[in-house]
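1. the following block contains a protein sequence and its predicted model.
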Amino acid sequence: MIVVDKPGMLTTVQDLGRHGLRERGICPGGALDTLALRLANRLVGNRDDAAGLEITMGGCELRFEQDGRIALAGDDFGAQLDGAPVWPCWSTPVATGQTLRLGGANKLSAKAGLRSWLAVSGGIDVPLLLGSRSTDLKAGFGGHQGRALKRGDRLPLGRSALDAQQQARRAFGLRPPAWNADCDDEAIALRVMPGPEYAQFTVASRDAFWREPWQITPQSNRMGSRLVGPELQRLKRSIDMLSSGVIPGTVQVPPSGQPIILMGDAQTTGGYPRIGVVIRADQWKLAQAPLKGWLRMVQVGAAEAHVAWEEQQHYLELVAQGLQAAGWPTAH
Amino acid sequence: MSGVSGLSATLPRMHSLGDAALLCELPAPATLAAQQKIWALADEARQWPGVTEVLPGMNNLSLIYEPGRVDSEELEARVAAIWPRLAANAIVGRHIEIPVYYGGEGGPDLGDVARHTGLTPAEVVRQHSAAEYIVYLLGFLPGFAFLGGLAPALATPRRTEPRTAVPAGSVGIGGEQTGVYPLVSPGGWQLIGRTSVRLFDPQAAEPTLLRPGDRVRFVAERVEFA
């Protein structure tokens, strides 16, 4: 059992998402950075789809009522376990009675972030609803009682795949995924494929979309990251759109001309033109990008998107091999 | 294939929606015949290897797929091959009745809709409960159905001040559309009644009452005029 002594601004139970139900209006949700949750889960001997905690802006305190292991991925928010630092992408043993404290964003890390994902050996054992343990905040179901965590919440843990010896092993870490292909100006580069309505934007707006930096506004949440930059305009003859499917990564442009990149909790259909879609391999960067941080959109085609995805799978494969060589349970 | 002349010949426009989804979109205008072919395509595509989800929109369909198992060229070819062979009447929706308490506490805007349309509240209720509606798609919220078939005489603009919390089960009119809010949510539609039927239940094996293609009737269980 884990006891929530301080929930932080927004901490929710999430797994890899609730899939297959979009045609019923049910969004996939889940950890916004599934790569981070996968890594954290592997580090504590869990399956990839075990539920963990998505912690937004740090500021939370969790007390452990049983022995186990923990791993954080994303910003570590200067995490400390009873005063000892806990690094991101490290697997750390935790003993009954210890407290994990997360402060504010860690300015020392390469990219001070917005979110972190915590895995605990055994996984957070909330009931499976519609195939997932993820919290759907908008619809109020799933996760822990369909809501963000509150002080005093008690979270049950599942059965861990680690034996006593593995559980007690000293801390070890792995190399976090690289923020490669990034810009000189500290902006985070997102690779984007042109969307179905790309051609409806003026030449100047299309050009600005790729050339100008975009800032993430504080009005962003799990439904979408709202950006501010030059106003994107459609050609005058463009007609109104009918409801059409949207997926995480979709960059839609409402009449304000300021784009919104949709995330896991966005509704399943939308009516705004889609200028682009962030490729799957780069969505973790958006999930971690800090509020008021800068983004750049880099145009790619399907072939480059495919290579990027393969590279990420290769990285995960190397992680699995490394853990296996170290005698760690690896059932993904 | 009756009543869809011209439509069968026109292939949907296809465009990638990122690196793991393909949009198939028919030219305007949206018609019931076109939407029926969208549902028929969805029904076929959900059985194709590598297609993990189908998502009907209005006059369009998104296919979500696993790029390791199928690629967009292959999917485009499959859509092009099957499209001329799809029958518009292939999907037979279920008939679903939704009991409604019109007016009163659950339908505070019934009077406003009557004033706007120039009808009596009783006539608004009569027309709203006389029609058969068709579920074009679900979206916006879990279990929220976009319904076609509202009598044009009942069309009423959205409220100028949207409500911050519309109760679950509220039946509303927004412009030329009508529908039921499955959950408490913000909303700008004119509320004319409420149903006690659950449109979304995450605990149920069938989490939503409605599916694309279903036919819906609202049954007036009680009418209360202010």
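-> Thanks, I have it.
2. where does pLDDT dip in the stretch 151-300 of chain A?
-> Scanning the stretch 151-300 of chain A for pLDDT under 70 picks out the ranges A:180-185.
3. near chain B, which residues of it?
-> Within reach of chain B by CB under 8 Å from any CB of the partner chain, the stretch 151-300 of chain A has these residues: A:193, A:195-196, A:239, A:242-247, A:249-250, A:267-269, A:274, A:277-280. Where you see a C-beta, it was placed from the backbone N, CA and C, and this is true even at glycine.
4. pull the residues that contact the helix or strand A:Glu317 falls within.
-> For A:Glu317, the host element (DSSP states H and E) is helix A:302-325. For helix A:302-325, the surrounding residues in contact (CB atoms under 8 Å, 6 or more residues apart in numbering or on different chains) are A:35, A:38-39, A:42-43, A:174, A:177, A:191, A:193, A:279-282, A:300, A:330, A:332, B:16, B:18-19, B:67, B:71-72.
5. list the contacts of A:Thr56.
-> Contact partners of A:Thr56, counting by CB under 8 Å, 6+ apart, are A:Gly8, A:Met9, A:Leu10, A:Thr11, A:Leu114, A:Arg115.
6. so in terms of bridging, what pairs with whichever residue of the stretch 101-250 of chain A sits closest to chain B?
-> Taking CB to the nearest CB, chain B has its nearest neighbour within the stretch 101-250 of chain A at A:Gly245, 3.1 Å off. Beta-bridge pairing for A:Gly245 (DSSP bridges): A:Thr269.
7. from B:Asn59, how far out is B:Pro27?
-> 8 Å (CB to CB, to the nearest Å).
8. let me redo that: A:Ser134
-> For A:Ser134, the distance to B:Asn59 equals 31 Å [CB to CB].
9. now B:Leu210
-> Distance, B:Leu210 to B:Asn59, using CB to CB: 19 Å.
10. then B:Cys24?
-> Going from B:Cys24 to B:Asn59 by CB to CB gives 10 Å.
11. and B:Val135, by the same measure?
-> Using CB to CB, B:Val135 is found at 15 Å from B:Asn59.
12. of those two, which one has the most company?
-> Legend: neighbour count by other CB atoms under 10 Å in any protein chain shown for B:Val135 and B:Asn59, higher for B:Val135 (26 against 23).
13. what's the ChimeraX syntax to select whichever of the contacts of helix A:302-325 are buried?
-> To isolate the buried ones among the contacts of helix A:302-325 in ChimeraX, judged by 16 or more other CB atoms under 10 Å in any protein chain shown, type:
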select /A:35,38,39,42,43,174,177,191,193,279,280,281,282,300,330 /B:16,18,19,67,72
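14. now, which of the contacts of helix A:302-325 lie within helices?
-> A:Leu35, A:Arg38, A:Leu39, A:Arg42, A:Leu43, B:Ser72 (DSSP state H).
15. can you pull up the most central residue in chain B?
-> Centroid-nearest residue in chain B, with CA atoms, centre = their mean: B:Phe146, separated by 2.5 Å.
16. so who does A:Ala51 touch?
-> Counted by CB under 8 Å, 6+ apart, A:Ala51 has contacts A:Val13, A:Gln14, A:Asp15, A:Gly123, A:Ile124, A:Asp125, A:Val126, A:Arg133, A:Ser134, A:Gly143.
17. what's around A:Arg154, how many residues?
-> The local packing count at A:Arg154 equals 11, with neighbours defined by other CB under 10 Å.
18. next up, the contacts around the most centrally placed residue in chain A.
-> For chain A, the residue nearest the mean C-alpha position is A:Asp33 (2.1 Å; CA atoms, centre = their mean). Neighbouring residues of A:Asp33 by CB under 8 Å, 6+ apart: A:Ala73, A:Gly74, A:Arg115, A:Trp117, A:Gln283, A:Trp284, A:Ala287, A:Gln288.
19. in which helix or strand would I find the closest residue to B:Pro27 other than its chain neighbours?
-> Distances taken as CB to CB, 6 or more residues apart in numbering or on different chains place B:Thr10 nearest to B:Pro27, at 6.3 Å, with adjacent residues excluded. Assigned by DSSP H and E, B:Thr10 falls within no helix or strand.
20. that older thread, farthest-apart pair in the contacts of A:Asp33, please.
-> For these, the farthest-apart pair by CB to CB is A:Ala73 and A:Gln283; their separation is 14.4 Å.
21. more neighbours: which of these two?
-> Neighbour count, other CB under 10 Å: between A:Ala73 and A:Gln283, A:Ala73 has more, with 30 against 22.
22. tell me how far the more buried one lies from chain B.
-> Per CB to the nearest CB, to the nearest Å, A:Ala73 is found 22 Å from chain B.
23. skipping adjacent residues, who's closest to that residue in space?
-> A:Ala36 (3.7 Å).
24. number of residues surrounding that neighbour?
-> Neighbours around A:Ala36, by other CB under 10 Å: 30.
25. contacting residues for it?
-> By CB under 8 Å, 6+ apart, the contact set of A:Ala36 is A:Ala73, A:Gly74, A:Ser116, A:Trp117, A:Trp284, A:Ala287, A:Gln288.
26. again with B:Ala168
-> B:Tyr181, B:Pro182, B:Leu183, B:Val184, B:Leu199.
27. ok, A:Pro230 next?
-> A:Ser205, A:Ala208, A:Glu212, A:Gly257.
28. residues touching the second one, list them.
-> For A:Ala208, the contact set (CB under 8 Å, 6+ apart) comprises A:Gly229, A:Pro230, A:Leu232.
29. quick one: which of these sit in helices?
-> Going by DSSP H, the helices hold none of the contacts of A:Ala208.
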